[in-house]
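A.B. asks: predicted model, plus sequence, below.
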Amino acid sequence: MKNRARALFSEAVKNVNEANDELCRPKEDVVSVLVCKKAQRATENFLRGFLLDHGVEPKNESNLNDLYLECKKLKPNLSKVSLASFDCLSDRLDSKTCNEPVKVNSCYSTATNLDTFLRDEKII
């Protein structure tokens, strides 16, 4: 499980970096949907990796909210990182997109905040 967790954390960091690269492009060239999807995938991979790292096998059909709640059971101070910016918490990630720049930045910030939290906690 630890190896799978590390692979998910690695993929999540890659997703965050790709979202960041997209955001660093000139404003008119930024593909908002790409940033949003990369941030969502990063968040999902961080949460799945966290569960695996703690010996819990996440369900394939779990949405972000389910994963987040399971993680908070194991580490209550995870509530420091809010996922409220995701409108897609209870949906499958491929079912919604976000195009508004403010929304996209919020989703990206959530993914980076989760990354920072996991690093601060020495989980990754």
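C.D. replies: Arrived safely.

A.B. asks: distance check, the residue of the chain most remote from its centre against Lys37.
C.D. replies: Among the residues of the chain, the one whose C-alpha is farthest from the average of all C-alpha positions is Glu28, by CA atoms, centre = their mean at 24.9 Å. To Lys37, Glu28 is 20 Å away according to CB to CB, to the nearest Å. The C-beta positions use only the backbone N, C-alpha and C, and glycine is treated the same way.

A.B. asks: now Asp66
C.D. replies: 19 Å.

A.B. asks: same question, Lys27
C.D. replies: Taken as CB to CB, the span from Lys27 to Lys37 is 19 Å.

A.B. asks: show me which of the two is the more surrounded one.
C.D. replies: Neighbour comparison, Lys27 and Lys37: the larger count goes to Lys37, with 23 against 7 (by other CB atoms under 10 Å).

A.B. asks: continuing past the helix or strand harbouring the more buried one, what's the next helix or strand?
C.D. replies: Using DSSP states H and E, Lys37 sits within helix 32-53. Of the helices and strands lying after helix 32-53 in sequence (DSSP H and E), the nearest is helix 64-74.

A.B. asks: how about the CA coordinates for that next one, as CSV?
C.D. replies: The C-alpha trace of helix 64-74 is given here as CSV (Å, rounded to 0.1, in the frame of the first residue of the first chain):
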residue,chain,number,x,y,z
LEU,A,64,-13.9,13.8,-3.4
ASN,A,65,-16.2,14.4,-0.5
ASP,A,66,-16.2,10.7,0.4
LEU,A,67,-12.4,10.5,0.3
TYR,A,68,-12.0,13.7,2.3
LEU,A,69,-14.4,12.5,5.0
GLU,A,70,-12.5,9.2,5.3
CYS,A,71,-9.2,11.1,5.5
LYS,A,72,-10.6,13.4,8.2
LYS,A,73,-11.5,10.4,10.3
LEU,A,74,-7.9,9.4,10.3
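
A.B. asks: give me the distance from that helix to the chain's centre.
C.D. replies: Distance of helix 64-74 from its chain centroid, counting by CA atoms, centre = their mean, to the nearest Å, is 12 Å.

A.B. asks: and it, what does it pack against?
C.D. replies: helix 32-53 (3 or more CB pairs under 8 Å, 6 or more residues apart in numbering; DSSP states H and E).
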